[in-house]
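Q: The following block contains a protein sequence and its predicted model.
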Amino acid sequence: MDGSQILQLVLSGLVTGSIYALVALGFTVIFKSTDAINFAQGEWVMAGGMIGAFLHVSFGLAPLLLVPIATAIVALLGLVSERLAIHPLRGPTPMMLTLITIAVAITTRAAIMLTLGKAPAGLPSFSGTENIVIAGATVQPQALWVFGITLLVMIGTHVFFQRSLLGRAMRAAAADREAAGLVGINVGRMAMWSFVIAAAIGAIAGLIITPLTLTSVNVGLMLGFKGFSAAMLGGLGNLHGALLGGLVLGLLESLSAGLLSSQFKDAVAFVVLLIVLFVKPAGLLGRASTERA
Amino acid sequence: MEAPVPSKGVSRNSYRTFAIVWALLLLFPVAAPNNFILNLGIAWFISLALAGSLNLLMGYAGQISLSHAAFYGLGAYASGVLSAKFGVSPWLGLCAALALTGIAAFLIGWPSLKLRGHYLAMATLGFNVIMSVLFVELRGLTGGPNGLVNVPSLSLFGYEIGADIRFYLFAWLVVGLMLLLILNLLDSRMGRALRALSTSELAAKANGINVHAVKLGVFVLSAMMAGVAGFLFVHLNNFASPETFDFAASVMLLVVVALGGTGTYWGPFLGALLHVALPEALRAFSDFEILVYGVSLVLVLLFFPGGLSGAFSQLRRLGRRRSAP
């Protein structure tokens, strides 16, 4: 195996890793505000891709035009899910919330399947189809879109949580519900926004990866648990950790598929992930404050 | 003054109710009109073994496991492969299933249960993925994606336990013993420790309970019980295939426990009933099946956070309040 082949593996690992990073980011946003593992995250990724493909086929929308529309639709889906299923819950515990997100995930998948069908769907590349060759490795233009948009979303989320009033209010509510309530923050409303944001991030991930891999109603569960793993790997609840965790998981998968065995790539990736977690439970970027039980 | 009855506690009543329920179940084969219905009864026993053991972990130790199906599968493949490929007696296969699931659960649980938070969820998710890959890719042993075939049926004293009333009675006995064990456990020192730590870990620790050991013990026990369920499954169907034991199946088991009622002894009985009956009842809806399933799950969790068994006691309390002056 020569250098260009390894570079090729690294590049494809970074593409999948970017998607995992975005899914992990969505997980992190909801985890911070509710402490729940959100099983619907992967379904929103699927919904983004499926709705995008539908808009493209039915209305002939250009890929770059349909990204904001499809993202808005899925964000609305997140909003409706939160208002109908999460918000009315009396005395929510993380366990209860986690279970109800499973129900939300099943319902979302069923709704997409019934409206948009079970067939795999695709999108054209956002621009150009001519591959770019870098040091002997081929890069599809869509891969550059994936990198660029992932980076934008990451920076955007960071700025949103650091600078904007809403973002800071959400952080306050996540840090201490009662204190946030006392200074006039509507804590329940903050949970709603976390669902909207997480759904939007998920949709973007689904939209940018669909030109490379196609999508179908069944991909959500797999993407969801890869994203959760990436979030844990980076340090659950840590935005930068989500990015790092996603990229590392993507690279692990791609390199173990290319260098060791493609059949066992998932197993290899998860064995490494478990070892990392057992050695450094707080995740790669987590602070050492993980409570010992 | 009477001591307050803990909500999740076990009373003498529970033993009596259990004995009555289990005795009545002996009548089911007589009432079942055909083999198909009888097999649903056997499926219910297996589902109950899975839900009951998972509930022990979820409801009492407050931990989410995302690999209950993998332990179920490990039990099934351990005994199935040994008997189908190596001609080992299924009874030795059962020992292997118990040992493997127990050791695997210990290795996963030891490091991850030391930490609070979603570590067990993460570690078990990883374990389920790894096991799924192994079930599919170790083709020489497991038959790969096509499944493991020609698994022999069980036989006891030269008497074959085929997939009919004989297997029903066998499952009745095995699962009955498992549920009795769970009941006993909840009634024991360990059960009280579990209830204490589900209320407050700190208080439990202050009272000298080794929280880590208790959680680990429950996790290993629940995994081994899932292994026994797998043993039943594989020798009932003479077949096993990887998708029965994948991550989605593990998530489904969480749903079954939640629907029945997390942390109640009778919850899994109802959850398992739904697990077996719903797919049959919803078949008429074809593609709408999943939608109905998802929406009803949302509704149950919203209006009856204690699941169906919680709904029953809610109704009973309501009735009592009405009748009291």
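A: The structure has been received and is ready for your questions. Residues are numbered from 1 along each chain as shown, chains lettered A, B, ... in the order given.

Q: So A:Ala53 is in contact with A:Gly122, correct?
A: Yes: checked against Cβ atoms under 8 Å, the pair A:Ala53 and A:Gly122 is within contact range at 6.2 Å. C-beta coordinates here come from the backbone N, C-alpha and C atoms, glycine included.

Q: Neighbour count for the two, which is higher?
A: Per other Cβ atoms under 10 Å in any protein chain shown, whichever of A:Ala53 and A:Gly122 has more neighbours is A:Ala53, with 26 against 16.

Q: re earlier: need the overlap of contacts for A:Ala53 and A:Gly122.
A: A:Thr210, A:Thr215 (Cβ atoms under 8 Å, 6 or more residues apart in numbering or on different chains).

Q: helix or strand for the residue nearest the centre of chain B, which one?
A: In chain B, the residue lying closest to the centroid (Cα atoms, centre = their mean) is B:Leu50, at 1.5 Å. Secondary structure assignment for B:Leu50, by DSSP states H and E: helix B:35-55.

Q: For the helix ranked longest in chain B, name the packing helices and strands.
A: With DSSP state H setting the assignment, residue counts place helix B:211-237 as the longest helix in chain B. Judged by 3 or more Cβ pairs under 8 Å, 6 or more residues apart in numbering or on different chains; DSSP states H and E, helix B:211-237 is in contact with helix B:35-55, helix B:68-86, helix B:90-112, helix B:165-186, helix B:189-199, helix B:201-206.

Q: Now do the same for it: mean pLDDT, whole number.
A: Computed over helix B:211-237, the mean pLDDT rounds to 95.

Q: Check stretch B:257-267 too.
A: For stretch B:257-267, mean pLDDT is 88.

Q: swap in stretch A:243-261?
A: On average, stretch A:243-261 scores 91.

Q: interface residues of the stretch 201-325 of chain B facing chain A?
A: Counting by Cβ under 8 Å from any Cβ of the partner chain, the residues of the stretch 201-325 of chain B lying close to chain A are B:201, B:211-212, B:215, B:247-248, B:251, B:254-255, B:258, B:262, B:287-288, B:290-291, B:293-295, B:297-298, B:301-302, B:305.

Q: and if we set it to 10 Å?
A: B:201, B:205, B:211-212, B:215, B:246-248, B:251-252, B:254-255, B:257-259, B:262-263, B:287-303, B:305, B:307 (Cβ under 10 Å from any Cβ of the partner chain).

Q: still on that earlier bit, chain A versus the nearest residue to the residue nearest to the centre of chain B once chain neighbours are set aside, what's the distance?
A: Distances taken as Cβ to Cβ, 6 or more residues apart in numbering or on different chains put B:Ala229 closest to B:Leu50, at 5.0 Å, once the chain neighbours are dropped. To chain A, B:Ala229 is 21 Å away according to Cβ to the nearest Cβ, to the nearest Å.

Q: residues in the stretch 1-150 of chain A within reach of chain B, list them.
A: On the criterion Cβ under 10 Å from any Cβ, chain B has as its neighbours in the stretch 1-150 of chain A the residues A:31, A:35-37, A:39, A:81, A:84-100, A:102-111, A:113-114, A:117-118.

Q: What subset of the residues you listed is buried?
A: Among these, the ones that count as buried by 16 or more other Cβ atoms under 10 Å in any protein chain shown are A:31, A:35-37, A:39, A:81, A:85-86, A:92, A:94-100, A:102-111, A:113.

Q: And the helix or strand following the longest helix of chain B, what does it pack against?
A: Sequence-wise, the next helix or strand downstream of helix B:211-237 (DSSP H and E) is helix B:247-260. For helix B:247-260, the contact count by 3 or more Cβ pairs under 10 Å, 6 or more residues apart in numbering or on different chains; DSSP states H and E identifies helix A:94-116, helix A:220-234, helix B:35-55, helix B:68-86, helix B:119-137, helix B:267-281, helix B:289-303, helix B:307-323 as packing neighbours.

Q: Run through the chain and note the low-pLDDT ranges.
A: This is for chain A. A:1, A:287-293 (pLDDT under 70).

Q: my bad, the chain I had in mind was chain B
A: B:1-11, B:321-325.

Q: What's the PyMOL syntax to select whichever of the residues of the stretch 201-325 of chain B next to chain A are buried?
A: Buried residues among those (16+ other Cβ under 10 Å), as a PyMOL selection:
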select buried, chain B and resi 201+211+212+215+246+247+251+252+254+255+257+258+259+262+263+289+290+291+293+294+295+296+297+298+300+301+302+305+307
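
Q: What is the neighbour count of B:Phe304?
A: That count, for B:Phe304 with other Cβ under 10 Å as the rule, works out to 18.

Q: Now for the closest residue to it other than its chain neighbours, how many residues are close by?
A: Spatial nearest neighbour of B:Phe304, excluding adjacent residues (Cβ to Cβ, 6+ apart): B:Ala311 at 4.0 Å. Counted with other Cβ under 10 Å, the neighbours of B:Ala311 add up to 16.

Q: ok, B:Ala311 touching B:Val300?
A: Yes: using Cβ atoms under 10 Å, B:Ala311 is in contact with B:Val300, at 7.8 Å.

Q: Identify the contacts common to the two.
A: Contact with both B:Ala311 and B:Val300 is made by residues B:Gly261, according to Cβ atoms under 10 Å, 6 or more residues apart in numbering or on different chains.

Q: What ranges does chain A have for its strands?
A: Secondary structure of chain A, counting by DSSP state E: strands at A:132-134, A:137-139.

Q: Dump those strands to CSV, plus mean neighbour count and distance to A:Thr215.
A: Below are these laid out as CSV (neighbours: other Cβ atoms under 10 Å in any protein chain shown; distance: least, Cβ to Cβ, whole Å):
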stretch, mean neighbour count, distance to A:Thr215
strand A:132-134, 11, 24
strand A:137-139, 16, 21
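
Q: Kindly present the ones you listed as JSON lines, with separate columns for distance to B:Leu197.
A: JSON lines is the format used below for the strands of chain A (distance: least, Cβ to Cβ, whole Å):
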{"stretch": "strand A:132-134", "distance to B:Leu197": "56"}
{"stretch": "strand A:137-139", "distance to B:Leu197": "53"}
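
Q: burial of A:Leu64, as a residue count?
A: Quick note: A:Leu64 (other Cβ under 10 Å) scores 10 neighbours.

Q: How about it, nearest residue that isn't a chain neighbour?
A: Per Cβ to Cβ, 6+ apart, closest to A:Leu64 is A:Phe126, 5.8 Å.

Q: Next, the angle helix B:119-137 makes with the longest helix of chain B.
A: Helix B:211-237 and helix B:119-137 are oriented at 30 degrees to each other (axes from the mean of the first three to the mean of the last three Cα atoms, to 10 degrees).
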